[in-house]
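**Q** Give me a 3D structure for the following:
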Amino acid sequence: MRWDRFFDDLEDQLASEWEAERAALDTEAERLRLSRVQLAERLTLLGGRDPAPVAASFDLSDGTTLRAAVTGVGADWVALAPAEGPAGAVIVPFAALVAIGMPHADLLRTARPAPPRSPLADRLTFGFVLRDLVRRRAGVAVHLSSGRGLTGTIDRAGADHLDLALHEPGAARRADAVAGYRLVPFAAIAWIRADEAPNLP
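**A** Modelled structure (predicted):
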């Protein structure tokens, strides 16, 4: 009788150790998976359609905090639809994101495995989005990391900078309305508010 109990206890102990070892391996596999997750993947899940996109709080390098929903994610930028303020789109380079606040459930949801991103999305750089705004002659407000803001129209967008014709917000870009020009490195940009959303494939 005591031997039966001894073997039962031994089986329980082995099963318990096996479960603990499997749980440790699962935990380590999850840590390894999370170590490979990129910000673009988490932002894509934050803006996903299932459930509806979440309005999160985005702290930016110029000290601004925007409450907005993610509407698009590129290789090195995120497009946001602000919950308040003027209509249009906000484009933020990843380098200007300081922190993103959201409910804990949404934070956990963004850490789940994401569906594979389109190879095209990984090629849509910040410069690509700005070149679309150049083509459409959209008015913009460029907010710099220094806290300064510039309004006008982007004339050209290079690999790492843009040329901005300065004029009053809402005014058309005409030679007589232009008050000056600025060459702005992408690294100096905290965010851009465009009068209209860029056309993304």
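**Q** how near is the residue positioned nearest the centre of the chain to residue 72?
**A** The centroid of the chain falls nearest to residue 78 when counting by C-alpha atoms, centre = their mean (3.9 Å). Distance, residue 78 to residue 72, using C-beta to C-beta, to the nearest Å: 7 Å. In short, each C-beta sits where N, CA and C put it, glycine included.
**Q** Hmm, residue 154 and residue 130 touching each other?
**A** Yes: using C-beta atoms under 8 Å, residue 130 is in contact with residue 154, at 5.8 Å.
**Q** Now the common contact residues for those two.
**A** Here residue 130 and residue 154 have residue 162 as joint contacts, going by C-beta atoms under 8 Å, 6 or more residues apart in numbering.
**Q** What's opposite residue 151 in the beta bridge?
**A** Residue 151 has the following beta-bridge partners by DSSP bridges: residue 141.
**Q** where does the chain have low pLDDT?
**A** 1-35, 49-53, 197-201 (pLDDT under 70).
**Q** just the helices in it please.
**A** Using DSSP state H, the helices of the chain run over residues 2-35, 39-46, 104-110, 126-136.
**Q** which residues does residue 123 contact?
**A** Counted by C-beta under 8 Å, 6+ apart, residue 123 has contacts residue 75.
**Q** what's residue 106 in contact with, if anything?
**A** Residue 106 neighbours (C-beta under 8 Å, 6+ apart): 46, 54, 56.
**Q** Please report how far it lies from residue 71.
**A** Distance from residue 106 to residue 71, by C-beta to C-beta: 16 Å.
**Q** go on, residue 103?
**A** According to C-beta to C-beta, residue 103 and residue 71 sit 19 Å apart.
**Q** Spatially nearest residue to residue 156 (excluding sequence neighbours)?
**A** Of all residues not flanking residue 156 in the chain, residue 163 sits nearest, at 4.3 Å (C-beta to C-beta, 6 or more residues apart in numbering).
**Q** What residues does the one you found make contact with?
**A** 154-157, 181-184.
**Q** what's the most distant pair in the residues you listed?
**A** Comparing all pairs in the contacts of residue 163 by C-beta to C-beta, the longest separation belongs to 157 and 181, at 14.0 Å.
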